[in-house]
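[1] I'd like to go over a predicted model; first the sequence, then the structure.
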Amino acid sequence: MADLRAPTAATPYRTQTDYRGAAAAAVAAAERYYHHGDSLWDDETYDRTVARLAATEAAHPQWRAVRPVTGMVAAGTVAPGADVAHTRPMLSLDNVFSVEELAVWAARVDPDGLLRRVVSPKMDGMAAAARYHDGQLTAVVTRGDGTVGEDVTAQAQTIAGLPARLPTPVTLEVRGEVYLTDVDLVEGNRRREAHGDTPFVNARNGVAGLLRGRDRSYALPASFAAYDAVALGGVWRPSASHTALLAELAAWGLQPVTGLAEAAGPCDPAAAVDQVAAIEAAREQLGFGIDGAVVRVDDRDVCERLGASSSAPRWATAYKFPAVERLTTLTGIVVQVGRTGVLTPVAQLEPVEVAGVTVTHATCSNPLEVARKDLRVGDQVWVRRAGDVIPEIVGVHLPSRTDGLAVWPLPDCCPQCGGDLDTSERRWRCPSRACGTAEAIRHLASRKALDIDGLGPHRVATLIDAGLAADVADLFDLTAGQLVDLDRFGPASASALVAAIEQAKGQPLSRLLAGLNLRTVGARLGRRLAAVWPTLAELRAASAAELAEVEGIGAVRAATIVAELVEAGPVLDKLEARQVALVERSTTGGADGTSEVAVSDGGAGPVGPLAGCTVVVTGRLPSLSRDEAAARVEQLGGKVSSSVSSKTSLLVAGEKAGTKLDKAAAAGVPVLDGEAFEHLRPDSAPPPQLP
């Protein structure tokens with residue numbers, strides 16, 4: 001069984017005053033979202049507050065109003081002008097946040113473990129009902145408060161997956177979710193900006209804004225996913241199962257709920273949780289936002305017998321995932337100077353948990369991004385983890401902005417040396433290479449470059465403050481006598497560092513190139529350059545035209561590399577004089593780790609067991625890092641790619657390979673396990689998996 005999250009349970013509010021305060025805030029948040037299309041809270045705060053309100057009302061029923069507050073906030077209040085009564089109530093789903101809570105629901109619904117279940121993504125949009133009479137779309141109504149909704153028929157004319165006419169003259173109401181795909185959001189914001197309107201901050205708020213745009217002079221794209229249908233009279237009767245109903249709707253041209261919807265065995269949590277986990281793992285690849293997975297009973301007659309509470313059906317529940325977007329306070333913006341002189345604004349944030357990780361900082365790509373998003377210290381901002389990894393600010397929560405917040409001033413000089421900036425490109429730079437000295441030294445010493453053990457951030461700062469390292473080449477002049485009296489050094493550690501620096505001189509040229517902070521040159525391109533020009537002197541003598549002929553470079557990058565080599569000339573001269581990594585050698589080819597790499601003369605094709613293969617590496621390998629694995633692929637004659645496609649020749653799969661392994665299986669791509677890959681050598685036979 002997949003391990004999702006530790007069991008959690010909603011804690012009731014301790015006092016009636018706390019309950020009433022939280023209830024008032026939740027109602028205000030619901031009204032703001034359903035009336036105006038923006039959010040006072042992020043989804044996770046809203047969901048967990050509602051859960052606590054429900055737990056409080058269960059524990060202290062005497063505190064609640066005539067109508068429980070959770071009944072008011074779970075489905076939202078009626079939007080302005082909403083005057084269309086639903087044929088049957090449109091109920092919201094109860095939420096669970098852990099395996100434990102899912103088990104409680106399953107035991108209540110299916111105590112004998114006999115009912116067939118369906119698990120599908122929970123679309124992050126706005127529920128709506130589309131009415132068809134004799135196959136013709138006549139009205140689209142939002143859920144509203146579940147009893148009465150708002151007529152948004154005019155705004156729904158361009159929604160994909162919601163045809164204006166069905167191929168059969170049935171009369172029914174199709175219920176589903178209006179949502180924005182990733183493509184919808186990008187295109188919609190492009191159109192809004194072209195017409196002078198503010199872009200939507202995120203897809204969920206974009207749906208609300210789209211459906212309430214009564215006087216908009218241009219169309220915006222959106223999508224519809226059907227998850228239910230109700231007969232409105234006539235001869236049509238819904239299918240006996242949920243899965244059969246979705247298939248019938250799809251046959252009529254409607255778009256049913258998509259993603260990883262699956263019908264399976266009984267509704268016990270041990271069987272359902274793996275499917276929920278699979279949906280969460282695929283969250284970033286779906287192409288649209290989801291905030292959970294829906295687990296429901298497949299048999300519709302059983303659903304009728306199970307019935308519903310006043311606000312939610314008993315036959316389904318929503319397993320909510322950790323929010324990928326949260327609201328927090330922007331407390332500061334600091335501009336850092338990177339190892340290549342690039343200026344990077346770093347937003348300092350009030351700590352907030354996003355997708356299970358506490359985020360305190362978010363990097364902005366350049367100063368102009370801060371200006372474009374109009375980020376101001378003191379703002380409430382939406383934060384997400386791009387690809388579930390890198391924190392970024394999506395946008396400002398403008399409804400909460402207070403008067404008097406100062407516009408962030410764009411830097412007019414380097415914050416480190418005070419010199420002029422190069423603003424000719426999107427990424428602003430300080431032309432002085434000295435400004436990035438600390439970052440440059442740390443990068444050169446990193447494992448993917450010269451791998452100098454014992455040269456961490458604090459020691460680098462100590463060397464710079466002592467005047468012993470004005471650039472990376474100065475490292476190779478250090479003596480133990482210079483270091484022994486410095487902070488964080490002693491006789492043993494000083495000698496060890498000098499020995500590690502001396503050993504780094506023998507690293508291959510490709511590692512030096514990866515660590516030199518040359519713009520556009522990373523580990524992979526460093527290996528390609530060193531394979532063609534196996535000495536630093538030969539590479540420095542190469543022309544832009546010659547560089548442009550190397551795969552993956554081209555004329556523009558070639559000109560940049562030549563300019564970078566010229567600009568770094570004084571440092572390169574010092575490195576050459578100190579005999580640092582002047583020649584390309586293989587660190588993995590032979591038993592002694594020093595066998596020479598065969599250098600291509602441009603005439604012959606690649607050699608080795610992976611010759612001509614495009615290889616994707618995924619998962620954790622037994623002993624190689626991702627960069628080391630990429631180097632090994634190229635040493636074996638292959639080319640590394642980051643994603644599985646029709647051009648992929650081989651997938652190398654380590655532990656926890658994830659979705660790339662599934663994609664490879666679906667595409668028929670051969671798979672080689674990580675241990676077998678690490679045993680390959682340049683003179684090995686091709687893996688038997690290759691055709």
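    That came in fine, so what should we check first? Numbering: from 1, shown residues only.

[2] The most far-flung residue of the chain relative to its centre: what's it in contact with?
    Here the chain reaches farthest from its C-alpha mean at Gly481, the gap being 48.3 Å by CA atoms, centre = their mean. Taking CB atoms under 8 Å, 6 or more residues apart in numbering, we find Gly481 in contact with Ala494. Glycine gets a C-beta too; all of them are placed from N, C-alpha and C.

[3] where does it fall, phi/psi-wise?
    Backbone torsions of Gly481, given as degrees, to the nearest 10, read phi -60, psi -30.

[4] and if you look at Asn95?
    phi -110, psi 150.

[5] same check, this time on the one 3 residues further on
    The phi and psi values for Ser98, taken as degrees, to the nearest 10, are phi -160, psi 170.

[6] swap in Lys656?
    Main-chain torsions, Lys656, degrees, to the nearest 10: phi 50, psi 50.

[7] what residues are up against it?
    Lys656 makes contact with Gly619, Arg620, according to CB under 8 Å, 6+ apart.

[8] Check what pLDDT it gets.
    Lys656 carries a pLDDT value of 77.

[9] what's the answer for Val69, then?
    Predicted confidence (pLDDT) for Val69: 55.

[10] count of neighbours near Ala492?
    By other CB atoms under 10 Å, 10 other residues sit near Ala492.

[11] nope, Asp465 is what I was after
    For Asp465, using other CB under 10 Å, the count is 12.

[12] Tell me the backbone dihedrals of it, please.
    According to degrees, to the nearest 10, Asp465 has phi -60, psi -30.

[13] how much space is there between it and Arg488?
    Separation of Asp465 from Arg488 (CB to CB, to the nearest Å): 11 Å.

[14] what's the answer for Pro167, then?
    Taking CB to CB, one finds Pro167 at 76 Å from Arg488.

[15] Give me the buried positions along the helix or strand harbouring Arg190.
    Assessed by DSSP states H and E, Arg190 sits inside helix 182-194. By neighbour count on 16 or more other CB atoms under 10 Å, the buried set for helix 182-194 is Asp184, Leu185, Gly188, Asn189, Arg192.

[16] what residues are up against the last one?
    Contacts were defined as CB under 8 Å, 6+ apart; by that measure Arg192 touches Thr198, Pro199, Phe200, Leu220.

[17] Select only the buried ones of the residues you listed in ChimeraX?
    Selection of the buried residues among the contacts of Arg192 in ChimeraX, burial being defined by 16+ other CB under 10 Å:
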select :199,200,220
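
[18] will you turn the contacts of Arg192 into TSV that also has distance to Leu210 and secondary structure?
    What follows is those, written out as TSV (distance: CB to CB, whole Å; DSSP: H, G, I helix; E, B strand; the rest coil):
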residue	distance to Leu210	secondary structure
Thr198	13	coil
Pro199	12	coil
Phe200	8	coil
Leu220	5	coil
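
[19] Between the contacts of Arg192, which sits nearest Ile159?
    Using CB to CB, Leu220 is the member of the contacts of Arg192 that lies nearest Ile159, at 9.6 Å.

[20] which residue packs closest to the closest one, ignoring adjacent ones?
    Spatial nearest neighbour of Leu220, chain neighbours left out: Gly188 (4.5 Å); criterion: CB to CB, 6 or more residues apart in numbering.

[21] is it true that that neighbour touches Leu180?
    Yes. With contact defined as CB atoms under 8 Å, Gly188 counts as touching Leu180 (6.7 Å).

[22] which residues are in contact with both of the two?
    With CB under 8 Å, 6+ apart, Gly188 and Leu180 have common neighbours Phe200, Gly206, Leu210, Pro221, Ala222.

[23] Just those residues: which are in strands?
    Among the shared contacts of Gly188 and Leu180, the ones falling in strands (DSSP state E) are Ala222.

[24] Among the shared contacts of Gly188 and Leu180, which one sits closest to Glu57?
    Gly206 (32.6 Å).

[25] ok, now which ones touch the closest residue to the closest one other than its chain neighbours?
    Nearest residue to Gly206, sequence neighbours excluded (CB to CB, 6+ apart): Phe200, at 3.4 Å. Phe200 sits next to Leu180, Leu185, Gly188, Asn189, Arg192, Gly206, Gly209 when contact means CB under 8 Å, 6+ apart.

[26] Number of residues surrounding the nearest residue to the second one once chain neighbours are set aside?
    Of all residues not flanking Leu185 in the chain, Ala203 sits nearest, at 4.9 Å (CB to CB, 6+ apart). Here the neighbour count serves as a burial measure; for Ala203 (other CB under 10 Å) it reads 21.
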